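1. output the structure for:
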Amino acid sequence: MSADNIRQITPFMHVADLKTAFDFFALLGFECLYKEPGYGYFQRGPAGMRVLQSAEDDGAPFQPHRGFAYYVDVRDVDAIVAELRPKLEKAGIEFSGPRDQTWRQREFMIRAPDGNVFVFGQAIAT
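-> Take a look at the predicted model:
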């Protein structure tokens, strides 16, 4: 397989409440490109996310993931913070940062309503 054949990684986020997840991604500026009962696909620029409604007792192959982190690399994390902080505050959604980490990333962390963590990060030049 040729490496240039890979376009992106699009993770699945398993959630207990699909409507809440749809609202959360809309708040973050993601566009819903496709939805059907129990599933949605969101895109913002080259970043995609697949959301699947899943509960512990619904027979799905996996339970909703609690405490899972999804990382989106960006060029300017402060621009994301300026755009999203007012919306997150108004919606009462927990967030942290931006913060310069020892691993040379500047990160803005957002706790999704289902407990997952969504992070926007920017490499810090050395």
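2. if you average the pLDDT over the longest helix seen in the chain, what comes out?
-> When the chain is parsed with DSSP state H, its longest helix is helix 77-91. For helix 77-91, the mean per-residue pLDDT is 95.
3. state the next helix or strand along the chain beyond that helix.
-> Next helix or strand after helix 77-91 toward the C-terminus (DSSP states H and E): strand 95-100.
4. mind exporting that following strand as PDB, just the C-alpha atoms?
-> Output of strand 95-100 as PDB, limited to C-alpha atoms (Å, rounded to 0.1, in the frame of the first residue of the first chain):
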ATOM      1  CA  PHE A  95     -12.800  23.200  28.700                       C
ATOM      2  CA  SER A  96      -9.200  23.900  29.700                       C
ATOM      3  CA  GLY A  97      -6.400  25.900  28.200                       C
ATOM      4  CA  PRO A  98      -4.900  26.800  26.000                       C
ATOM      5  CA  ARG A  99      -1.900  25.500  27.800                       C
ATOM      6  CA  ASP A 100       1.700  25.000  26.700                       C
END
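5. what are the pairing partners of that strand, and which direction each?
-> Partners of strand 95-100 in the sheet, by DSSP bridges, are strand 105-111 (antiparallel).
6. what about the most centrally placed residue in the chain, distance to Glu36?
-> The chain has Phe118 as the residue nearest its centroid, 4.2 Å off, counting by CA atoms, centre = their mean. Noted for Phe118: a distance of 23 Å to Glu36, by CB to CB, to the nearest Å. Placement of C-beta: from N, CA and C, glycine included.
7. can you check Gln53 too?
-> 11 Å.
8. which one of these two is surrounded by more residues?
-> Gln53 (18 against 7; other CB atoms under 10 Å).
9. look up phi and psi at the more buried one.
-> phi -70, psi 130 (degrees, to the nearest 10).
10. tell me, how many residues neighbour Glu89?
-> Per other CB under 10 Å, the neighbour tally for Glu89 reads 10.
11. against Tyr34, how distant is it?
-> Taking CB to CB, one finds Glu89 at 30 Å from Tyr34.
12. with Val117 instead?
-> According to CB to CB, Val117 and Tyr34 sit 24 Å apart.
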